[in-house]
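Novice: Sequence and predicted structure are below.
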Amino acid sequence: MTAPLLEIDNLHVTVDGREILRGLSLTIGAGEVHAVMGPNGSGKSTLSYVIAGREGYNVTEGSVRFRGEDVLEMEPEERSHAGLFLAFQYPLEIPGVGTNTFLRTAYNAHRKAHGEPELDGMAFLKLVREKTKALGIRDEMLKRPVNVGFSGGEKKRNEILQMALLEPALAVLDETDSGLDIDALKVVAEGVNALRAPDRSALVITHYQRLLSYIVPDHVHILADGRIVRSGGKELAIELEAKGYQDLIREAA
Amino acid sequence: MADEASLAGFAEGFDAALSGLPGRALTDARQRGMAAFQAHGVPGRRVEAWKFTDLRRFLSRHAFGPAPTGLVDGDVAGRVAALGSVDDAARLVFLNGRLVADLSALPRLPHGVTVSGLANALAKPDATGLVGLLGTVIGETEDTLIGLNAAWMEDGFLLDVPAGVAVPGPIRIIHVIQPGKDAFAVHPRHVIRLGAAASATIIEDHIGGDGAASFVNAVTEVTLAEGASLRHYRNADGALQGLEVQRVHAHVARDARFESFVLAIGGQLTRHESVVTLAGPAAEAHVGGAYLGRDRQHRDNTILVQHDAPNCLSRQVFKGVLDDRARGVFQGKIKVDRLAQKTDGHQLNKSLLLSRGAEIDAKPELEIYADDVKCSHGATAGEIDGDALFYLRSRGVPETAARRLLVQAFLAEALAEISDDGVRDRFGAMVDTWMTEEFSRKDAA
Ligand SMILES: Nc1ncnc2c1ncn2[C@@H]1O[C@H](COP(=O)(O)OP(=O)(O)OP(=O)(O)O)[C@@H](O)[C@H]1O
Ligand SMILES: [Mg+2]
């Protein structure tokens, strides 16, 4: 087994006093793709937000380590610089901030954090054009404010564009496939697969086996009621498709 | 701690000073002005229009004498030079309310256009036309501060553009307040008149230093004839201890367009009050502003757009950022006369509060007597959007930079109201500078 990139151990998280994650453990090795599936409200997005460092999520017990470092002690921007990336289930809108400005600010913040010189406007535009082309994103989108007035699918593509620019070591994709048409789904999968490397990993949260036929996972986990109740190989997703959560969770219990 | 004696100082010595004030023909008007002032004195919070800006309280802390007639110091001359630009059609510099001829120039003024100091114009033998013009836009008013201005006015700028003339470059007016040891007050009066189909752009820079308090009680009268177009931009970055009340009364005729934008960025107290009358069909008023305040600064924008004719359009867009214990006031009113059918009136005020101690009082008002109109208004106040902040940070943008980007984005909507590209860029750069101070101060704290 490769050295673990992300280690989540016995994680308990409350939101507004309610316990949402109740002893979740998950280890992701370098180069691995893990899929997390689970019923609505089981805590999948909560897990993704805790990893990214969103406010309002109280960790009452357990730990999250990334390359051995305590993630929970880091600011959201530090997590990003360290190589964590979350593609949001519901990407946020930022009125007044142009998408290109947003992307360049983020990209250069990473360069700066790594002691590299920032890219000027021209050089960045060249880079971003390569990426948009590969993802089938129209340049016109770069001029618009971040996600404002974007269709659901455009927002998801924008998330993947950000991932492609920042080249994270661990990408957490929270239902990036929801709301995508079949062509967009392939584009997103290609975007993720293009980043696959022996030292890069992904945590793919999805409800559908379909995405997993494009991004083939090494491990599949079922999250129910704040815990991983079952883990297996890619065939678990197929079994789930056939049986549904109820049966699988009952079997696990 | 209201000190009535210091407020009475505005009337003291008036009779003796009267004969020495410029424009003998104005004596009657000055006396009427003083009577109007004395009837109610400096407005305070008991006066409805001043409910949120208790000027009486601000003024009562100091005893204001007349403005010193000192020389321009090197620092001021440098700042003035830095403000000038090559394409200025004319540049007038005022120090503590009085024209400084040495620093003023009229390099590219078309034939027939008058740009001058008010005191000089009043001293000319043919000043009767000008005297007749003073006060006509304002009309009969019981406003005590306008009365006070009428009583004491000495200098100001005068712009007169004949029909059909387009002034090619901006007319720059630079007002410098150079405080001394003692508090002083000035009452500038400015007059802008554009003939039919004439056009001009005025950029006023209000700058100032640190020192004793100063009170600027300025009145600007604007008359736009049919089809005229005026762009009036003001950068209010006055004296640190400055208290400025700037009133603009504009009369806009058929098909004329009045565009005004104020960037209120410096000075202890600023009140920018605009009264715009859309007097002829298809006239337009675009009245916008951005206000930035910190410490205990006070930023007031008070606007009345009066639709007196059909098919007119008006927009009021004001956005502000307040930190520490700064306080903002927005009073915006659209009044639509019975005859003003097909009025298109829009009003927007948004404030971003960066601390719990910051405050905004917003009073949007519509008063509509016509039945076929389209009017909208809205006022909001809030903090930086936490979700947007997290989104930026999750992408690696440090918190300070993320906050700054969101504040800039917030103000961009107001700055977009400025139709002149150069002014919009310059005001944008000034906002950036303010933001740099703001966030470096925060990082240090
Ligand atoms: N801010 C919040 N306040 C209160 N409850 C919350 C909050 N955020 C999440 N929850 C609750 O936590 C539970 C888990 O939510 P979460 O979004 O993690 O589910 P999910 O597994 O991602 O579901 P879905 O498949 O629908 O996206 C839900 O019951 C949700 O209502
Ligand atoms: Mg979810």
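Specialist: Cool, got the structure. Ligands and ions are numbered 1, 2, ... in the order given.

Novice: Can you list phi and psi of the residue lying closest to B:A119 once chain neighbours are set aside for me?
Specialist: Of all residues beyond its chain neighbours, the one nearest B:A119 is B:D155 (4.3 Å), with distances taken as CB to CB, 6 or more residues apart in numbering or on different chains. In this view, the C-beta of every residue, glycine as well, is placed from N, C-alpha and C. Backbone torsions for B:D155, taken as degrees, to the nearest 10, come to phi -140, psi 180.

Novice: Quick check: closest non-adjacent residue to residue 93.
Specialist: In the absence of a named chain, this looks at chain A. Nearest to A:E93 is A:N147, by CB to CB, 6+ apart, at 4.4 Å.

Novice: meant chain B actually
Specialist: Closest to B:V93 by CB to CB, 6+ apart is B:L103, at 3.9 Å.

Novice: separation between that neighbour and B:R172?
Specialist: B:L103 is 11 Å from B:R172, where distance means CB to CB, to the nearest Å.

Novice: quick one: common contacting residues for those two?
Specialist: Common neighbours of B:L103 and B:R172, using CB atoms under 8 Å, 6 or more residues apart in numbering or on different chains, are B:R91.

Novice: Compare these two and say which is more crowded by neighbours.
Specialist: More crowded of B:L103 and B:R172, by other CB atoms under 10 Å in any protein chain shown: B:R172, with 23 against 19.

Novice: Sticking with that one, tell me its helix or strand.
Specialist: strand B:171-177 (DSSP states H and E).

Novice: Give me the phi and psi for residue 21.
Specialist: With no chain named, the answer covers chain A. Per degrees, to the nearest 10, the backbone of A:L21 is at phi -100, psi 130.

Novice: try again with chain B
Specialist: phi -80, psi 150.

Novice: ok, the least confident helix or strand in chain A by mean pLDDT near ligand 1 or not?
Specialist: Counting by mean pLDDT, DSSP states H and E, the weakest-scoring helix or strand in chain A turns out to be helix A:235-252, with a mean of 84. No: judged by CB under 6 Å from any ligand atom, helix A:235-252 makes no contact with ligand 1; its nearest approach is 10.8 Å.

Novice: Export that helix to CSV, keeping only CA atoms.
Specialist: The C-alpha trace of helix A:235-252 is given here as CSV (Å, rounded to 0.1, in the frame of the first residue of the first chain):
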residue,chain,number,x,y,z
GLU,A,235,-18.2,-3.4,-8.2
LEU,A,236,-19.9,-2.1,-5.1
ALA,A,237,-21.2,0.8,-7.1
ILE,A,238,-22.8,-1.6,-9.5
GLU,A,239,-24.3,-3.6,-6.7
LEU,A,240,-25.7,-0.4,-5.3
GLU,A,241,-27.3,0.6,-8.6
ALA,A,242,-29.1,-2.8,-8.6
LYS,A,243,-30.1,-3.0,-4.9
GLY,A,244,-30.5,0.6,-3.7
TYR,A,245,-29.2,2.0,-0.4
GLN,A,246,-31.8,0.4,1.9
ASP,A,247,-30.8,-3.2,1.1
LEU,A,248,-27.0,-2.5,1.2
ILE,A,249,-27.2,-0.6,4.5
ARG,A,250,-29.3,-3.3,6.0
GLU,A,251,-26.8,-5.9,4.9
ALA,A,252,-24.0,-3.9,6.5
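
Novice: what's the distance between that helix and the middle of its chain?
Specialist: Helix A:235-252 has its C-alpha centroid displaced from the chain centroid by 23 Å (CA atoms, centre = their mean, to the nearest Å).

Novice: Name the residues of that helix that are buried.
Specialist: For helix A:235-252, a neighbour-count test (16 or more other CB atoms under 10 Å in any protein chain shown) marks A:236-237, A:239-240, A:245, A:248-249 as buried.

Novice: cool, and stretch B:104-112?
Specialist: Residues of stretch B:104-112 classed as buried: B:104, B:109 (neighbour count, 16+ other CB under 10 Å).

Novice: How about stretch A:65-81?
Specialist: Buried residues in stretch A:65-81, counted by 16+ other CB under 10 Å: A:65-66, A:71-72, A:74, A:76-81.

Novice: how about those residues, which pair is most distant?
Specialist: For the buried residues of stretch A:65-81, with distances taken as CB to CB, the pair at the greatest spread is A:R65 and A:E77 (18.5 Å).

Novice: Burial check on the closest residue to ligand 1 within the stretch 301-445 of chain B, number of neighbours?
Specialist: At 11.3 Å from ligand 1, B:D387 is the closest residue in the stretch 301-445 of chain B, using CB to the nearest ligand atom. Applying other CB under 10 Å, we find 14 residues neighbouring B:D387.

Novice: For it, list the residues it contacts.
Specialist: Residues near B:D387 by CB under 8 Å, 6+ apart: A:L92.

Novice: For ligand 2, what's the nearest residue on the stretch 1-150 of chain A?
Specialist: A:S45 (3.1 Å; CB to the ion).

Novice: I'd guess that residue is in a helix, am I close?
Specialist: Yes: the assignment for A:S45 (DSSP: H, G, I helix; E, B strand; the rest coil) places it in a helix.

Novice: Strands of the stretch 51-200 of chain A, residue ranges please.
Specialist: Shown for the stretch 51-200 of chain A, the strands assigned by DSSP state E, counting those that start in this stretch span residues A:57-66, A:69-70, A:84-87, A:94-98, A:145-146, A:170-174.

Novice: model confidence over the host helix or strand of B:F410, on average?
Specialist: Using DSSP H and E, B:F410 falls within helix B:399-415. Across helix B:399-415, the average pLDDT comes to 94.

Novice: same deal with stretch A:92-112?
Specialist: If you average the pLDDT over stretch A:92-112, you get 96.

Novice: Now find how far off-centre that stretch is within its chain.
Specialist: Chain-centre distance of stretch A:92-112: 18 Å, with CA atoms, centre = their mean.
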